[in-house]
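Novice: The following block contains a protein sequence and its predicted model.
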Amino acid sequence: SYLADLLRDNTTLTSLELFGTDWMEATFFELLQVLRDNSALTCLSLTMNNAGKYPDAVNEMLRCNVTLKELYLEYNNFDEAGVALLASGLKNNTSLKTLHLAYSYVRKFGALALAEMLEVNTTLTNLQVQ
């Protein structure tokens, strides 16, 4: 996609908000793949983008990206297994400080996975769930 191509070579853009886009699956995967290795972006908002359909891709991005400090995933319909995958990706993430998961259906299993992640992740200081 055009956006993925731009981000692939980006060295100056530090904040990106993509609100309510209607991604095709291949486009979303390509974007997250590029973000795994992006070294400029520190703040990313993917609010209302159905990212909950692709928890594996978001998990992989979180495991690999070392510069992202803020991630906003509100209204993305993550189910509990998806939240657990995100938590897994964050266990060894040493850059993310803020994660917003409001309105992502975090229930008991997802909350337990997030609590386990917080026991080992000492970087995340702001977590919002509702």
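Specialist: Received the coordinates, thanks. Numbers count the residues shown, from 1 in each chain.

Novice: How much space separates G82 from L127?
Specialist: G82 sits 16 Å away from L127, going by Cβ to Cβ, to the nearest Å. Any C-beta I mention is one placed from the backbone N, CA and C, and that applies to glycine too.

Novice: These two - which one has more neighbours?
Specialist: G82 (26 against 16; other Cβ atoms under 10 Å).

Novice: Strands along the protein, start to end?
Specialist: 15-17, 43-45, 70-72, 98-100, 126-128 (DSSP state E).

Novice: Among those strands, which comes closest to E25?
Specialist: strand 43-45 (18.8 Å; Cβ to Cβ).

Novice: quick revisit: how about the strands of the chain in a markdown table, adding mean pLDDT?
Specialist: Shown next, in a markdown table, are these (pLDDT from 0 to 100):
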| stretch | mean pLDDT |
| --- | --- |
| strand 15-17 | 94 |
| strand 43-45 | 95 |
| strand 70-72 | 96 |
| strand 98-100 | 96 |
| strand 126-128 | 94 |
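
Novice: As TSV, those strands with distance to S1 would be great.
Specialist: TSV is the format used below for the strands of the chain (distance: least, Cβ to Cβ, whole Å):
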stretch	distance to S1
strand 15-17	14
strand 43-45	16
strand 70-72	20
strand 98-100	25
strand 126-128	29
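
Novice: quick one, what contacts S88?
Specialist: Applying Cβ atoms under 8 Å, 6 or more residues apart in numbering to S88 gives the contacts 59, 113, 117.

Novice: Show me which of those is closest to L44.
Specialist: The nearest member of those to L44, counting by Cβ to Cβ, is N59 at 14.7 Å.

Novice: what does stretch 54-61 contact?
Specialist: For stretch 54-61, the surrounding residues in contact (Cβ under 8 Å, 6+ apart) are 25, 28-29, 32-33, 35-36, 51, 73, 78, 81-83, 85-86, 88-89.
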